[in-house]
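# Next input, structure requested:
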Amino acid sequence: EQREGELHILTVLALSHEVVPRALAAFHARHPDVQVTIDALHSPQIVSALALQEADLGFVFTAPAHPSLVQETLAQGRMACVAPRGMLAAPLVRSGAVRLADLVHTPVVRLPGNDPLGAMLNLACREADVGLTAAFTVQTYHAALALAHHGLGVALVDACTAASADRSRVDVLALEPCMPVPVKVLRMANRPASLLADAMARCMQDAVVQTLAPTGLA
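Have a look, this model is predicted:
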């Protein structure tokens with residue numbers, strides 16, 4: 001059970017770089033005496049831990065339905081393209097958007113097929129009949145972003161990850177057609193509502209909106 005003054009949250013790694021710290025700053029300003037524990041895990045691990053009542057909240061992009069958990073969409077992001085400066089044609093960069101077909105002859109940093117966003121991209125490629133050149137396959141979105149920063153390929157990542165991009169080294173474009181990437185909160189269905197958990201969820205909601213607003217990728 002949650003003890004007064006403590007909160008245990010789980011998050012996918014992609015949200016732990018920009019969004020969670022912003023949310024924690026707002027939460028801590030309002031609840032300075034609350035001890036918060038944060039674990040960064042993969043979505044299936046978050047679902048399992050919450051189902052076992054090992055944490056209070058989980059923040060994910062997508063997760064399978066579970067009878068013990070309820071899901072709430074906090075905000076809507078989308079997939080983005082982060083390209084090393086000079087790798088994409090200038091008119092394409094100026095347009096602010098790129099299609100999968102535009103990347104056919106460009107080295108791409110791919111996400112694994114068992115990753116929710118990686119699976120979504122694979123499906124989009126099949127539907128568009130587009131074959132991308134996977135220069136590298138990485139396990140995390142920020143690893144993909146790091147390779148783009150070093151000029152090794154184009155990273156196809158969520159907008160929250162793209163918000164961390166160094167615009168002096170890379171160009172950030174919307175991926176078209178739009179591939180929605182919701183940010184969701186998971187919690188136990190049969191646990192009484194916690195004021196602290198509710199407050200943290202709202203702080204996360206605000207943090208996602210604040211993170212995405214400057215990117216133009218909301």
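
# Tell me the spacing between Asn114 and Glu127.
19 Å (C-beta to C-beta, to the nearest Å). C-beta here means a position set from N, CA and C on the backbone, and glycine is covered the same way.

# And the contacts of the helix ranked longest in the chain?
If each helix of the chain is counted by residues according to DSSP state H, the longest one is helix 195-212. Residues from elsewhere that reach helix 195-212 (C-beta atoms under 8 Å, 6 or more residues apart in numbering): 2, 7, 9, 18-20, 22-24, 26-27, 30-31, 34, 36, 56-57, 59, 72, 74-75, 77, 159-160, 163, 183, 185, 187, 218.

# Buried residues of that helix, list them for me.
196-197, 199-212 (16 or more other C-beta atoms under 10 Å).

# repeat for stretch 54-66
Neighbour-count burial for stretch 54-66 [16+ other C-beta under 10 Å]: 55-63.

# List every C-alpha atom in that stretch, with coordinates, as CSV.
C-alpha atoms of stretch 54-66 as CSV (Å, rounded to 0.1, in the frame of the first residue of the first chain):
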residue,chain,number,x,y,z
GLU,A,54,4.6,-2.6,-6.8
ALA,A,55,4.1,1.0,-7.9
ASP,A,56,1.5,3.7,-7.9
LEU,A,57,1.6,5.0,-11.5
GLY,A,58,3.1,4.1,-14.8
PHE,A,59,3.7,6.4,-17.8
VAL,A,60,3.9,4.8,-21.3
PHE,A,61,3.2,5.4,-24.9
THR,A,62,1.3,2.3,-25.5
ALA,A,63,0.5,-0.8,-23.4
PRO,A,64,-1.7,-3.9,-23.8
ALA,A,65,-5.0,-3.8,-21.9
HIS,A,66,-4.9,-5.5,-18.5
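
# Determine how far that stretch lies from the middle of the whole chain.
Counting by C-alpha atoms, centre = their mean, to the nearest Å, stretch 54-66 is centred 13 Å from the centre of its parent chain.

# same question, stretch 9-26
10 Å.

# cool, and stretch 154-161?
So, by C-alpha atoms, centre = their mean, the centroid of stretch 154-161 is 8 Å from its chain's centroid.

# pretty sure Glu127 belongs to a strand, no?
No. Counting by DSSP: H, G, I helix; E, B strand; the rest coil, Glu127 is not found in a strand; it is helix.

# For the protein, which segments are assigned as helices?
19-30, 43-51, 90-95, 116-128, 141-149, 159-162, 195-212.

# Can you say which of those is packed in most?
By mean neighbour count, with neighbours taken as mean count of other C-beta atoms under 10 Å, helix 159-162 ranks first of the helices of the chain at a mean of 27.
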